[in-house]
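S.K.: just need the structure, nothing else, for what follows:
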Amino acid sequence: MEKTCTLLVHFDKGTPALANEIKEALEGNDVPAKVEAMKKAIMLLLNGESLPQLFITIVRYVLPSEDHTIQKLLLLYLEIIDKTDSQGRVLPEMILICQNLRNNLQHPNEYIRGVTLRFLCRLNETEIIEPLIPSVLSNLEHRHPFVRRNAILAVMSIYKLPQGEQLLGDAPETIEKVLSTEQDPSAKRNAFLMLFTCAQERAVNYLFTHIDRILDWGEQLQLVVLELIRKVCRTNKHEKGKYIKIIISLLSAPSTAVIYECASTLVSLSSAPTAIRAAADTYCKLLQSQSDNNVKLIVLDRLHELKSSHKEIMVEMIMDILRALSSPNLDIRRKTLDIALELITPRNVDEVVLLLKKEVVKTQSAELEKNGEYRQMLVQAIHMCAMKFPEVASTVVHVLMDFLGDTNVASAMDVVVFVREIIETNPKLRVSIITRLLDTFYQIRAARVCSCALWIIGEYCLSLSEVESGIATIKQCLGDLPFYTATEEGEAQEAPKSNQPASTITVSSRRPVVLADGTYATQSAALETAMSPPTLVQGSLASQGNLRSLLLSGDFFLGAVVACTLTKLVLRLDEVQPSRVEVNKATTQALLYMVSMIQLGQSPVLPHPIDNDAYDRIILCIRLLCNTGDNSRKLWLHSCRESFVKMLADKQFRETEERKVKAQVSHAQPDDLIDFYHLKSRKGMSQLELEDEVQDDLKRATGEFTMDNDDANKLNRILQLTGFSDPVYAEAYVTVHHYDIVLDVTVINRTKETLQNLCLELATMGDLKLVERPQNYTLAPESSKQIKANIKVSSTETGVIFGNIVYETSNVLERNVVVLNDIHIDIMDYISPAFCADVAFRTMWAEFEWENKVAVNTVIQDEKEFLDHIIKSTNMKCLTPPSALEGECGFLAANLYAKSVFGEDALVNVSVEKQSDGKLSGYIRIRSKTQGIALSLGDKITLKQKGAAA
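M.R.: Model prediction:
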């Protein structure tokens, strides 16, 4: 039979002690050796050894010792040994320790008294405790508080025993007297806890009798008072009002633990605006006063919960919450911004954006390790503010454009995407944004940011001066032509064959000149520049541009974007420039640059030649400039922008729809009772109590009190563990919480015999751990028993629980075993749909090392229907916009994303194609940081596909 464990000690199994060695050490007179021997004996007992021969030795040689450490270890030993026989009767040798315990309770040393009283708290044997009760009660009046506080706990544990009321009938009254005279805070707390646990009415009476002095009580006692209030209000909701007043008064307590608990209790008990405001204010103060990052994260979680249920009150607190941005921790900053962004209204948006702008400027001045990442978060936050409230865009867009050249590419990318949206949604800002972009373009160093900025220049340079400035800026950043030169044709041919750099060839072909100071130099400085490796013209220092350096590094995708931008600018110049000479001049210059890019791409001076896609695109631009038709002109100058406008509208529509879905609340049933608070008696009610009543009525009316009691859903959670013909029938109701699973197993004896020592033995596979093993039971004929088992979960992975039921019958000596069906823990209980930006998805996709590739195998013949089936089966969110999935092209590619309760990311890419026979083929790829999610999601998809196919 499994015993409850009150003691846990680390045990090194490598060097187990022998019983004989322990016995010899205990019989000696060496105190340190005795201490070590007692420790070894306790460890062996905790690890399942019985050691019956040691008991008499300990009684003879350890019991009389006056050493405090030995006495403490002796009590631990007595705590863990078996004190009863198989029938539950106290062993006769236990009488030997009773006298020793009585002596300890009357010992002159307060430490011995205190630890003995604490030991009695863990004793359940009435026969041992009964003779000691007078000594325990006498210790309630001991001079030392350590003894008194342990004596109170001993009285409480004795009173809670099954026969406790017979042993100590007047315990509550005695403790109430002690409480009224006690001065020590810990003893006072223990006394109040005893009344709260065993005589709740007395605790409530004491609380209201001394309600004026509640702020002077110690922190521990105030925490117990809050626990009492929670318990009373749960059972008696009508008396909430007077208890809420006590909580409000405790909010001014000096202890941070108390005010945190007060705020939590207020939120759980009341929905009155005054109470919620007080709780939110308390959380904001804690956020400022506490330096511990873990505390701040917990407080932010509480504020997030408040934001979900009481948004209108939290809006007032937005600036207080944003003060948490002063913390250098990125997790705290991220949570703070997430909360604040959902509380933005037209009233506070200017104030919020101003603060965010200041924070962005701060990241520029201070050199901190994670400044780039923080700046990226701030840019995204400002972006969201500007999308919700376009009028604030003008105040921030120019400040953010200073960061287009940011070394953190992700941050710079967010800025340029923000600028792209603002320039379309705020036509008034177009001119100033274009001017600023052309002025700062040379600072941009990242190819992706350059590509986006070039698209903006190509689409939004409309006037003559803007178009000319745009062409001039691009030419300046590309530098002078040619992009590369070779001294002779033969040298350019030899360059890729030789292992040495080209400059070595150049130097060897010309003799160096010795200068006056003794240094060497080539005869021509210009030639040195031209022939430096890899025989590329880097341009003079003044003309060295960002576009040139990126092109010379082999980025021809950017080259294709440059060609498209130049084409758009030249086509627009043709519309706004009256002089044909200028138009022709710009066209020839653009063509020259494009031809030079193709020449560079096909030359042997770069390690990789130009890719076919970029080559085709540049050739298309060249053809277009050589022969422009009206249709192609319209396509290049208008269609691109129309597509972008459509994309923005689609994005806004999706966000609006999501907000509508979130805003939906459950409604009350037609026959539910609605109270009209105007008709209620207000006699003796404070403003707070009245508010609380009103809020309760509103909740009842809007259905917030109705819990999700879907019986059909509950039945889905019941799993049959044994067959109907088995002698023992068992079924389990599985409740999955975030970090643990509770199995509520019902066991029914189907036989006419009594089953003895019936035990439910469970084992797990995967990242599941059994917290305890259920103990043995005796089942009468045709009776049932509820057995609970707790299982801890440490990661998102499909786990399996398996086991059996073992029992004995009266007429058969051997044990019977009934094997149980396996319980599969579904990964879907741990992952939930989540959203992430496309850039973040791509970054994670590149970083995550675990991939699971599942081939598509289904009878579903429609690509969109198949995607919906996968989304429903995997509980994930589709990041690909619906507009991108429309149409009938025979292909479909979509990205799905979900997050686990442990903070792990799950990425899925679905790529399917419709074959000529109508069947779907393709692959579903799953990526994650951990192996568990990748494998479990893959198994789930494979299983559901087969299910769909069946």
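
S.K.: surely D838 is in contact with L879?
M.R.: Yes. Under the contact definition of C-beta atoms under 8 Å, D838 touches L879, with a separation of 6.8 Å. Heads up, the C-betas are built off the backbone N, CA and C, glycines and all.

S.K.: now the common contact residues for the two.
M.R.: Shared between the contact lists of D838 and L879 (criterion: C-beta atoms under 8 Å, 6 or more residues apart in numbering) are residues N895.

S.K.: name the residue in the two with the higher neighbour count.
M.R.: L879 (18 against 12; other C-beta atoms under 10 Å).

S.K.: which residues touch that one?
M.R.: Going by C-beta under 8 Å, 6+ apart, the list of residues near L879 reads 835-836, 838, 841, 894-897.

S.K.: which among these end up buried?
M.R.: Neighbour-count burial (16 or more other C-beta atoms under 10 Å) applied to those gives 836, 841, 894-897.

S.K.: out of these, what pair is the most spread apart?
M.R.: By the measure C-beta to C-beta, C836 and A894 form the most distant pair in those, at 14.3 Å.

S.K.: I'd like to know which of the buried ones among the contacts of L879 is nearest to F653.
M.R.: The closest of those to F653 turns out to be A894 (C-beta to C-beta; 18.1 Å).

S.K.: hang on, the closest one in a helix?
M.R.: No. Residue assignment for A894, taken from DSSP: H, G, I helix; E, B strand; the rest coil, gives strand, which places it outside any helix.

S.K.: least confident of the contacts of L879?
M.R.: Lowest model confidence among the contacts of L879 falls on D838, which carries 80.

S.K.: distance check, it against P273.
M.R.: 40 Å (C-beta to C-beta, to the nearest Å).

S.K.: let me see the backbone angles for S252.
M.R.: Geometry field for S252 lists phi and psi as phi -100, psi 10, criterion degrees, to the nearest 10.

S.K.: that one - how many residues pack around it?
M.R.: Counted with other C-beta under 10 Å, S252 comes out at 11.

S.K.: distance of the residue lying closest to it once chain neighbours are set aside from P254?
M.R.: Spatial nearest neighbour of S252, excluding adjacent residues (C-beta to C-beta, 6 or more residues apart in numbering): L215 at 6.9 Å. L215 sits 9 Å away from P254, taking C-beta to C-beta as the criterion.

S.K.: the more surrounded of these two?
M.R.: When L215 and P254 are compared for neighbours, L215 comes out ahead with 13 against 8, by other C-beta under 10 Å.

S.K.: which SS class is that one?
M.R.: With three-state DSSP as the criterion, L215 was assigned helix.

S.K.: tell me which residues touch T843, please.
M.R.: Under the criterion of C-beta under 8 Å, 6+ apart, the contact partners of T843 comprise A410.

S.K.: how close does it sit to R927?
M.R.: Taking C-beta to C-beta as the criterion, T843 is separated from R927 by 12 Å.

S.K.: just R148 next, same as before
M.R.: Remark: distance between R148 and R927 (C-beta to C-beta) = 62 Å.

S.K.: ok, now P134?
M.R.: When C-beta to C-beta is the yardstick, P134 and R927 sit 71 Å from each other.

S.K.: re the thing from before, looking at the contacts of L879, spot the one nearest V859.
M.R.: Checking these against V859 with C-beta to C-beta, the nearest one is A894 at 19.9 Å.

S.K.: that closest one touches V910, doesn't it?
M.R.: Yes. Here A894 lies in contact with V910, judged by C-beta under 8 Å, at a distance of 4.9 Å.

S.K.: got the contact list for stretch 466-483?
M.R.: Stretch 466-483 is contacted from outside by 431, 434-435, 438, 441-442, 454, 457-458, 461, 536-537, 539-540, 543-548, 551-552, 562, 565-566, 569-570, 572-573, 576-577, 586, 589-590, 592-593, 596-597, 599-600, using C-beta under 8 Å, 6+ apart.

S.K.: buried ones among these?
M.R.: If you count burial by 16+ other C-beta under 10 Å, the buried members of those come out as 434, 438, 441, 454, 457-458, 461, 536-537, 539, 545-548, 551-552, 562, 565-566, 569-570, 572-573, 577, 586, 590, 593, 596-597, 600.

S.K.: inside helices: which ones of the residues you listed?
M.R.: Using DSSP state H, 434, 438, 454, 457-458, 546-548, 551-552, 562, 565-566, 569-570, 572-573, 586, 590, 593, 596-597, 600 are the members of those that sit in helices.

S.K.: what about V224, is that helix, strand or coil?
M.R.: helix.

S.K.: residue contacts, it?
M.R.: Each residue near V224 by C-beta under 8 Å, 6+ apart is listed here: 189, 192-193, 196.

S.K.: buried ones only from those residues, please, as a ChimeraX command.
M.R.: Burial among the contacts of V224 is assessed by 16+ other C-beta under 10 Å; the matching ChimeraX selection reads:
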select :189,192,193,196
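
S.K.: could I get the contacts of V224 in CSV, plus columns for secondary structure, distance to N293 and pLDDT?
M.R.: Formatted as CSV, these follow (DSSP: H, G, I helix; E, B strand; the rest coil; distance: C-beta to C-beta, whole Å; pLDDT from 0 to 100):
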residue, secondary structure, distance to N293, pLDDT
R189, helix, 30, 89
F192, helix, 34, 88
L193, helix, 32, 89
F196, helix, 34, 85
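
S.K.: now distance to V728 too, for the contacts of V224, in a markdown table please.
M.R.: A markdown table is the format used below for the contacts of V224 (distance: C-beta to C-beta, whole Å):
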| residue | distance to V728 |
| --- | --- |
| R189 | 47 |
| F192 | 46 |
| L193 | 42 |
| F196 | 41 |
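
S.K.: which among the contacts of V224 gets closest to E219?
M.R.: Using C-beta to C-beta, those come closest to E219 at R189, 8.8 Å.

S.K.: make sure the closest one is actually in contact with Q220.
M.R.: Yes. Counting by C-beta under 8 Å, R189 touches Q220, with 4.0 Å between them.

S.K.: chain center to the strand or helix carrying I471: distance?
M.R.: Assessed by DSSP states H and E, I471 sits inside helix 464-478. When distances are taken as C-alpha atoms, centre = their mean, to the nearest Å, helix 464-478 is centred 47 Å away from the chain's centroid.

S.K.: and what of stretch 590-608?
M.R.: What separates the centre of stretch 590-608 from the centre of its chain is 49 Å, taken as C-alpha atoms, centre = their mean.

S.K.: repeat for stretch 102-120
M.R.: That offset, for stretch 102-120, works out to 48 Å (C-alpha atoms, centre = their mean).
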